[in-house]
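Trainee: give the three-dimensional model of this entry:
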Amino acid sequence: MDPASAEPVSPSHCIFGRRNWVAWSPESVDAKVTSLLDNFWQWRLDKSPEFATRVGLGGRDHLLEEYSEESFFEQKIKADEFLKQTEYLQNFENITHDDNINLEVLKYVLQTYIDGYQHRRFTVYNPNNFLQDWKRLIGFMKFNTEADYDNLIARYRLIPKQINEHISLMRKAIEFETTRHRLSMEKDNLYKDLLDEIEISAGESLFFNPFKKIPLEIPLRRRLKLRQRGEAAIDEWVKPAWKRLYSFLITEYVPNARQNVGLSSMPGGFECYESILRWHTTTSLSPQEVHDIGLREVQRLQDLMMRMVVEDGFQEMSLREYVDHLNSQEDNFFTSGAEMVLGYQAIVENIRKKLPSALHRVPQTAMETRGFSSDVGPQGYYIDPALDGTRPGTFFANVYMPRTKPKFDMYALTLHEAEPGHHTQAAYALEENLPQFRRTIEFRKYYAVPFNWPFMTAYIEGWALYAEYLGESMGVYEDRRALWSPRKAEAYLQKYTTLSEKAITSEVLRYITLPGQACAYKIGEIKIVELREKAELMLGENFDQRDFHHEILRLGAVPLGVLEDSISYWIQNWTPSSSVSDKSPAGAMPTAFIIGMLVTLFLLW
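Mentor: Numbers count the residues shown, from 1 in each chain. As a prediction, the model looks like this:
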């Protein structure tokens with residue numbers, strides 16, 4: 001099946017067609033829709049206080065989430081209630097175009113969460129990244145007043161309860177034989193990190209870091225008291241909880257972790273994988289169809305890459321030999337992590353100057369570029385800004401062992417993670433007049449998918465991959481070798497990419513730990529390109545890529561079915577006055593595709 005023809009998961013595909021209307025005044029309809037959206041959002045924050053902290057909304061910073069069968073069932077039932085209200089409101093007449101989209105997105109979000117409930121034993125029973133999640137949560141919290149530190153200590157007091165809940169669920173996973181693969185539990189130095197946290201003193205713990213930087217506005221006596229309380233909380237509640245978790249993982253969980261890599265090795269696992277794939281791609285594409293799309297893309301892109309090799313005068317070389325040649329050139333690499341960060345910052349500044357060629361409106365939300373060093377971490381990632389404006393968006397670039405990271409790989413990574421990729425995406429959603437639940441994505445608990453609130457992965461990552469593609473028409477790629485994207489089973493990666501062996505191993509572990517997630521990148525990009533080609537054909541000389549990009553970004557994160565309907569609606573209703581601003585040359589579609597996440601399309605777990 002062509003991804004362009006794949007039906008969305010949402011029960012109704014066309015969101016602008018006729019329904020069995022119920023008569024109601026426009027004002028009443030608008031008020032009821034607004035009330036529903038607000039109630040859903042507040043309920044989400046109440047049930048996920050850690051998410052509320054992440055997006056910068058206070059009032060729940062002293063609480064932690066609950067992980068129990070009772071809580072899961074309660075949330076599933078409440079989602080059912082919200083879904084019934086949503087479907088009821090969709091039958092009102094005089095619903096505005098924007099509320100049509102709001103209700104369809106909410107319907108998709110709720111239905112997807114409900115559908116994932118049946119697969120929870122495979123996913124939410126098996127958490128990971130315990131310390132990493134806490135490190136980020138602490139980083140999202142505000143520490144300006146004594147009350148802020150009281151909130152943190154209150155959370156530390158709840159850690160034993162939450163760890164006990166996780167252990168209880170993992171024991172159920174052992175009982176039902178739905179554990180994670182052993183390799184997934186060994187990634188990211190999980191045991192070493194936990195052991196280090198157990199053995200060091202409270203004052204050296206990552207949980208004590210906020211107490212090292214207490215604002216001077218707080219009197220000295222109170223600062224000393226807060227530090228004492230912080231150390232006591234870590235010794236009394238935090239460290240014993242991590243020790244208990246470490247002991248459980250070593251003595252019970254890992255010895256019982258499954259030996260076969262794929263989810264399909266377990267009864268019901270293949271059905272779970274199909275659900276995960278739908279969750280990420282937001283389409284009805286089957287694993288085999290995604291696999292076939294990936295094989296076609298590999299062949300097409302291999303041909304393009306070989307053409308570049310020949311044009312560079314190395315026609316006698318294979319792709320692997322050409323990559324080895326590039327890796328042998330000292331001038332293709334920075335000598336230090338600090339130099340790499342400066343290099344990334346320079347690329348960010350260069351791209352920002354060129355954004356007006358791709359966007360009518362360049363978002364004003366601030367973004368920072370920072371380096372981090374990890375031998376098993378990703379090449380880079382992005383953290384979106386807080387809703388309250390207190391935290392900028394941040395592009396994190398991995399500068400571990402610069403000699404393994406070619407300069408020409410940095411362009412595509414920056415386009416993808418920063419602008420016009422994820423940061424532009426996040427900033428647009430913040431600056432548009434969207435309901436709160438559509439302005440931000442949780443991006444937490446990847447392990448829980450498909451029993452998790454949708455990330456709209458195909459839209460989010462599809463746009464970011466498309467942003468790499470835009471770099472060519474924007475003139476970002478100063479080195480033509482930069483057309484080889486930085487992120488791409490191991491044999492494919494070694495043959496087709498410039499990644500180091502360590503980075504390849506890290507990527508493959510990600511595919512094992514998060515099955516289906518990376519498949520959405522290419523599916524989303526293919527859909528966006530297909531919609532662009534449709535708009536170019538239908539609008540002809542009136543097509544302006546900036547209008548097209550505006551229509552995509554103003555939606556915020558949506559399933560591909562809603563994206564397709566919205567772009568079709570825009571095309572059908574286009575008039576000269578509907579363009580965001582005066583026309584400029586549209587810019588022909590670049591002929592060279594950026595290579596992105598190819599092998600992830602072939603891994604059927």
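
Trainee: going by C-alpha atoms from here, please, whenever you check contacts or count neighbours.
Mentor: Fine.

Trainee: do a quick rundown of the helices in the stretch 151-300 of the chain.
Mentor: With DSSP state H, counting those that start in this stretch as the criterion, the stretch 151-300 of the chain has helices at 182-186, 190-199, 220-233, 239-248, 254-256, 269-281, 287-311.

Trainee: just these: most buried one?
Mentor: Stretch with highest mean neighbour count among those: helix 269-281 (a mean of 23; mean count of other CA atoms under 10 Å).

Trainee: show residues contacting it.
Mentor: Counting by CA atoms under 8 Å, 6 or more residues apart in numbering, helix 269-281 makes contact with 9, 112, 116, 119, 122, 263-264, 284-287, 449-450, 454-458, 515-517, 519-520, 523-524, 560, 605, all of which sit outside it.

Trainee: determine how far it lies from the middle of the whole chain.
Mentor: Here the centre of mass of C-alpha atoms in helix 269-281, compared against the chain's by CA atoms, centre = their mean, to the nearest Å, lies 17 Å away.

Trainee: and the angle for that helix with helix 287-311?
Mentor: Between the axis of helix 269-281 and that of helix 287-311 there is an angle of 60 degrees, by axes from the mean of the first three to the mean of the last three CA atoms, to 10 degrees.

Trainee: average pLDDT for helix 269-281?
Mentor: In this model, helix 269-281 carries a mean pLDDT of 94.

Trainee: so the residue lying farthest from the centre of the chain versus S205, what's the distance?
Mentor: Largest separation from the mean C-alpha position in the chain: R221, at 42.8 Å (CA atoms, centre = their mean). R221 sits 22 Å away from S205 when distances are taken as CA to CA, to the nearest Å.

Trainee: also Y322?
Mentor: In this structure, Y322 lies at 46 Å from S205, with CA to CA as the measure.

Trainee: low-confidence regions, the stretch 501-605 of the chain specifically.
Mentor: Segments of the stretch 501-605 of the chain classed as low confidence (criterion: pLDDT under 70) are 501-516, 577, 580-605.

Trainee: show me where it has helices.
Mentor: 501-513, 519-539, 545-553, 560-572.

Trainee: for those, give me JSON lines that also has mean neighbour count and distance to A467.
Mentor: JSON lines is the format used below for those (neighbours: other CA atoms under 10 Å; distance: least, CA to CA, whole Å):
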{"stretch": "helix 501-513", "mean neighbour count": "19", "distance to A467": "21"}
{"stretch": "helix 519-539", "mean neighbour count": "21", "distance to A467": "9"}
{"stretch": "helix 545-553", "mean neighbour count": "20", "distance to A467": "10"}
{"stretch": "helix 560-572", "mean neighbour count": "19", "distance to A467": "17"}
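
Trainee: the bottom helix or strand of the protein by mean pLDDT?
Mentor: Of all the helices and strands that make up the chain, helix 490-496 has the lowest average by mean pLDDT, DSSP states H and E, namely a mean of 48.

Trainee: how about low-confidence regions in the stretch 1-150 of the chain?
Mentor: 1-26.

Trainee: what ranges does it have for its helices?
Mentor: Taking DSSP H, counting those that start in this stretch as the criterion, the stretch 1-150 of the chain carries its helices at 26-47, 49-54, 69-89, 97-116, 130-140, 146-176.

Trainee: what packs against the longest one?
Mentor: In terms of contact count using 3 or more CA pairs under 8 Å, 6 or more residues apart in numbering; DSSP states H and E, helix 146-176 is assigned the packing partners helix 220-233, helix 239-248.

Trainee: try the third one
Mentor: For helix 69-89, the helices and strands in contact under the criterion 3+ CA pairs under 8 Å, 6+ apart are helix 26-47, helix 97-116.

Trainee: at the geometric centre of the protein, which residue sits there?
Mentor: Relative to the mean C-alpha position of the chain, the nearest C-alpha, by CA atoms, centre = their mean, is the one of F443, at 5.3 Å.

Trainee: that residue against F455, yeah?
Mentor: Yes - in this structure, F443 sits in contact with F455. The criterion is CA atoms under 8 Å, and the distance is 6.3 Å.

Trainee: per-residue confidence for Q288?
Mentor: According to the per-residue confidence, Q288 scores 89 in pLDDT.

Trainee: got the contact list for it?
Mentor: For Q288, counting by CA under 8 Å, 6+ apart, there are no contacting residues.

Trainee: and the gap between it and L277?
Mentor: Taken as CA to CA, the spacing of Q288 relative to L277 amounts to 11 Å.

Trainee: ok, now V309?
Mentor: Distance, V309 to L277, by CA to CA: 35 Å.

Trainee: repeat that for C519.
Mentor: Using CA to CA, we find C519 at a distance of 8 Å from L277.

Trainee: cool, E177 as well?
Mentor: 22 Å.

Trainee: based on its surroundings, how many neighbours for T96?
Mentor: By the criterion of other CA atoms under 10 Å, T96 has 12 neighbours.

Trainee: pop out the phi and psi values for it.
Mentor: In this entry, T96 is assigned phi and psi values of phi -70, psi 160 (degrees, to the nearest 10).

Trainee: which residues sit in contact with it?
Mentor: The contact partners of T96, by CA under 8 Å, 6+ apart, come to none.

Trainee: likewise for L158?
Mentor: Neighbouring residues of L158 by CA under 8 Å, 6+ apart: L63, L64, W237.

Trainee: let me know the closest of these to E533.
Mentor: L64 (46.5 Å; CA to CA).

Trainee: neighbours around the closest one, how many?
Mentor: Burial of L64, expressed as a neighbour count using other CA under 10 Å, amounts to 20.

Trainee: that one reaches P49, doesn't it?
Mentor: Yes - shown here, L64 and P49 form a contact pair, counting by CA under 8 Å, at 6.0 Å.

Trainee: hey, where'd the strands end up in the stretch 251-400 of the chain?
Mentor: If DSSP state E, counting those that start in this stretch is used as the criterion, the strands of the stretch 251-400 of the chain fall at 367-372, 380-383, 393-398.

Trainee: among those strands, which comes closest to F73?
Mentor: Distances from F73 to each of the strands of the stretch 251-400 of the chain were compared by CA to CA, and the smallest falls on strand 380-383, at 30.3 Å.

Trainee: how about that closest one as PDB, C-alpha atoms only?
Mentor: Presented in PDB, the C-alpha positions along strand 380-383 are these (Å, rounded to 0.1, in the frame of the first residue of the first chain):
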ATOM      1  CA  GLY A 380      21.200  15.000  19.300                       C
ATOM      2  CA  TYR A 381      17.700  15.800  20.700                       C
ATOM      3  CA  TYR A 382      15.400  18.700  21.400                       C
ATOM      4  CA  ILE A 383      13.500  19.700  24.500                       C
END
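
Trainee: check which helices and strands it sits against.
Mentor: Strand 380-383 is packed against strand 393-398, helix 410-417, with contacts defined by 3+ CA pairs under 8 Å, 6+ apart.

Trainee: the last one to strand 367-372, inter-axis angle?
Mentor: Relative orientation of helix 410-417 with respect to strand 367-372: 120 degrees, computed using the same axes, to 10 degrees.

Trainee: helix 410-417 packs against which elements?
Mentor: Against helix 410-417 (3+ CA pairs under 8 Å, 6+ apart) you get helix 337-354, strand 380-383, helix 457-473.

Trainee: run the chain-centre distance for stretch 137-146.
Mentor: The chain centre lies 23 Å from the centre of stretch 137-146; the measure is CA atoms, centre = their mean.

Trainee: dump that stretch to PDB, restricted to CA.
Mentor: Output for stretch 137-146, consisting of C-alpha atoms alone and laid out as PDB, is shown next (Å, rounded to 0.1, in the frame of the first residue of the first chain):
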ATOM      1  CA  LEU A 137      12.200  16.200  35.900                       C
ATOM      2  CA  ILE A 138      14.400  18.000  38.400                       C
ATOM      3  CA  GLY A 139      15.700  20.100  35.500                       C
ATOM      4  CA  PHE A 140      12.200  21.200  34.600                       C
ATOM      5  CA  MET A 141      11.300  22.300  38.200                       C
ATOM      6  CA  LYS A 142      11.600  25.900  39.300                       C
ATOM      7  CA  PHE A 143      13.800  26.600  42.400                       C
ATOM      8  CA  ASN A 144      13.200  30.300  43.300                       C
ATOM      9  CA  THR A 145      11.600  30.100  46.700                       C
ATOM     10  CA  GLU A 146      11.500  27.900  49.800                       C
END
